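# What shape does this take:
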Amino acid sequence: MSDEILNALRATKERLAQDAGFDMKRLVESIRQGEMRSAAQGRVVLQPPTGNQSPSVFQQIRFAGH
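Predicted structure coming up:
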């Protein structure tokens, strides 16, 4: 990835953390609310996989706490 993309990702991550007051529970709730709004607008929101699949590293991070 280019530095421009990485910088944009980092800035977004920092903004989201600040918006949640650096409180992980508030951040997770904010993300869940955003997912609900997106689903209500007809967007596809991926859910954690079910079954006995070994989760990928991405899934372990993305779905932590589910």
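# Could you list the low-confidence segments of this structure?
Applying pLDDT under 70 to the chain flags the ranges 1, 51-66.
# Quick one: the helices in the protein, in order.
Defined through DSSP state H, the helices belonging to the chain, from first to last, are 3-19, 24-40, 57-62.
# Mind putting these into CSV with distance to residue 46 and mean neighbour count?
All C-beta atoms are positioned from the backbone trio N, CA, C, and that covers glycine. Below are those laid out as CSV (distance: least, CB to CB, whole Å; neighbours: other CB atoms under 10 Å):
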stretch, distance to residue 46, mean neighbour count
helix 3-19, 18, 10
helix 24-40, 9, 12
helix 57-62, 8, 10
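# Including distance to residue 49, could those go into CSV?
Listed next are these as CSV, based on distance: least, CB to CB, whole Å:
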stretch, distance to residue 49
helix 3-19, 24
helix 24-40, 16
helix 57-62, 7
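# For residue 48, find the nearest of those.
Among the helices of the chain, helix 57-62 comes nearest to residue 48, with 6.9 Å by CB to CB.
# Enumerate every residue touching residue 23.
Residues in contact with residue 23 (CB atoms under 8 Å, 6 or more residues apart in numbering): none are found.
# Give me the phi and psi angles of it.
phi -100, psi 120 (degrees, to the nearest 10).
# Can you dump the C-alpha atoms of stretch 43-51 in PDB for me?
Output for stretch 43-51, consisting of C-alpha atoms alone and laid out as PDB, is shown next (Å, rounded to 0.1, in the frame of the first residue of the first chain):
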ATOM      1  CA  ARG A  43     -25.700  -2.500   2.200                       C
ATOM      2  CA  VAL A  44     -24.300  -6.000   2.900                       C
ATOM      3  CA  VAL A  45     -22.800  -6.300   6.400                       C
ATOM      4  CA  LEU A  46     -20.600  -9.400   6.900                       C
ATOM      5  CA  GLN A  47     -21.200 -11.400  10.000                       C
ATOM      6  CA  PRO A  48     -18.800 -13.700  11.900                       C
ATOM      7  CA  PRO A  49     -18.500 -17.100  10.400                       C
ATOM      8  CA  THR A  50     -20.300 -20.000  12.100                       C
ATOM      9  CA  GLY A  51     -19.300 -23.600  12.500                       C
END
